[in-house]
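Peer 1: pasted the sequence and its predicted model underneath.
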Amino acid sequence: MRIISGRALAEHPRPWPLGSLSPCVTLSFPRVPARVSEAFILRTYPLQEADLVVSFFTRDQGKLRGVAKRARRPKSAFGAGLERLSQVRMAYFQRETRELVNLDSCELIRSQFGLVSDYRTGVALDYVAEVSDQLLPAAEPSEKFFRLLAAVLDDLRAGPWRAVTYFSLWAVRLSGWLPELHVCLGCGSLLDDPQAPERAFFSRGRDGLLCGDCRRTLAAGGGGELSLESRRAAAEMLRTPVAQLQPRPWNRETSTDLRRFLVQRIESHIERRLLTAPLLEDNF
Ligand SMILES: [Zn+2]
């Protein structure tokens, strides 16, 4: 592109007819100044020899995708900052006409490297990154989702199960797909009457829960029971920050049914299976 400076213009005969657009408009460069956003890295994949495409979730611009030139070379401007779920300050250029932004460099705020030494927690990181990348719409900021990620990554340091269950519940809730957990979708009866709590069932093809009666006539396959204990855990999680939940011994068996129900909700909305969910639960 030929750049015409102000001085050159002044000395030049006017190369455009009077009344038309000035060259400042016709030659305006569509590249806006560098932006710096706090972000979590969601996913990277190779592009050409040394470059990476990076999906990252910024606090102020929502989920963006960009190209990190030469990121796979030693001494790149990105260092170890592009590991999944690293919290970074990302510098980038956005062009209005392009879907991909150009990544300039990133500064690491917090690495999740310490979590990877435990296999299950490493898989939990993969799961959190995959679900976030799948659920978050492009270029829509969500302060609540950003804070959810920060809180869950903190909590993962205490082990994977509570953090992953809390994350799944809130990720579905913030996406607008969490049904009422105390009402039967078939007949509208209350499932959590304290005097006589009902059993509750879910199935892959239905968004909400069914009571025992409705399940016999309405249930599709691929589901199970959502225990009263798990429904109570979910209710507590919906009103309490993860760090302040009642202490419980958490292991893989704790609230497995709730995670299965939530994974089904996610999968039915994104219309594909999550790759990391079976790895997390050893359910190949
Ligand atoms: Zn019912």
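Peer 2: Arrived safely. Note that the structure is a prediction, hence the values are computed from the model and not measured.

Peer 1: which element is residue 67 on?
Peer 2: Residue 67 is located in strand 62-68, with elements delineated by DSSP states H and E.

Peer 1: and the contacts of that strand?
Peer 2: Applying C-beta atoms under 8 Å, 6 or more residues apart in numbering, the contact partners of strand 62-68 are 42, 44, 47, 51-58, 76, 78, 82, 92, 94, 99-103, 133, 136-142. From N, CA and C alone the C-beta is placed, and that goes for glycine too.

Peer 1: and residue 214, how far is that from the ion?
Peer 2: Distance, residue 214 to the ion, by C-beta to the ion, to the nearest Å: 3 Å.

Peer 1: nearest residue to that residue in space, ignoring adjacent ones along the chain?
Peer 2: residue 186 (3.0 Å; C-beta to C-beta, 6 or more residues apart in numbering).

Peer 1: and residue 111, by the same measure?
Peer 2: Nearest non-adjacent residue to residue 111, counting by C-beta to C-beta, 6+ apart: residue 86, 5.4 Å away.

Peer 1: over to residue 273?
Peer 2: For residue 273, the spatially nearest residue (C-beta to C-beta, 6+ apart) is residue 267, at 5.5 Å.

Peer 1: got the angle between the longest helix along the chain and strand 62-68?
Peer 2: In terms of residue count, the longest helix belonging to the chain (DSSP state H) is helix 119-135. Put simply, helix 119-135 runs at 100 degrees to strand 62-68, going by axes from the mean of the first three to the mean of the last three C-alpha atoms, to 10 degrees.

Peer 1: please pick the buried ones from the contacts of strand 62-68.
Peer 2: Among these, those scoring as buried are 42, 44, 47, 51-58, 76, 78, 82, 92, 94, 101-103, 133, 136, 141-142 (criterion: 16 or more other C-beta atoms under 10 Å).

Peer 1: re earlier: settle this for me: the residue nearest to residue 273 is touching residue 275, isn't it.
Peer 2: No - counting by C-beta atoms under 8 Å, residue 267 stays clear of residue 275, with 10.8 Å between them.

Peer 1: which of the three states applies to residue 232?
Peer 2: Judged by DSSP: H, G, I helix; E, B strand; the rest coil, the three-state class of residue 232 is helix.

Peer 1: from the ion, how far out is it?
Peer 2: 20 Å.

Peer 1: and that residue, how many neighbours?
Peer 2: Neighbours of residue 232 under the rule other C-beta atoms under 10 Å: 14.

Peer 1: same check on residue 85?
Peer 2: Other residues near residue 85 come to 22 when the count uses other C-beta under 10 Å.

Peer 1: contacting residues for it?
Peer 2: Counting by C-beta under 8 Å, 6+ apart, residue 85 touches 40-42, 112, 125, 128-129, 149, 153.

Peer 1: which non-adjacent residue is nearest it?
Peer 2: Leaving aside its chain neighbours, residue 85 sits nearest to residue 112 (4.9 Å; criterion: C-beta to C-beta, 6+ apart).

Peer 1: which residues sit in contact with that neighbour?
Peer 2: With contacts defined as C-beta under 8 Å, 6+ apart, the neighbours of residue 112 are 83-86, 125, 153, 156.

Peer 1: what is the nearest of those to residue 212?
Peer 2: Residue 212 lies nearest to residue 156 out of the contacts of residue 112, by C-beta to C-beta, at 36.2 Å.

Peer 1: can you give me the neighbour number for the closest one?
Peer 2: Taking other C-beta under 10 Å as the criterion, the count of residues near residue 156 is 24.

Peer 1: so what secondary structure elements neighbour the top strand by length along the chain?
Peer 2: In terms of residue count, the longest strand belonging to the chain (DSSP state E) is strand 35-47. The contact analysis (3 or more C-beta pairs under 8 Å, 6 or more residues apart in numbering; DSSP states H and E) places strand 35-47 against strand 51-58, strand 62-68, strand 87-93, helix 119-135.

Peer 1: would you agree residue 131 is in contact with residue 171?
Peer 2: Yes - using C-beta under 8 Å, residue 131 makes contact with residue 171 at a distance of 5.5 Å.
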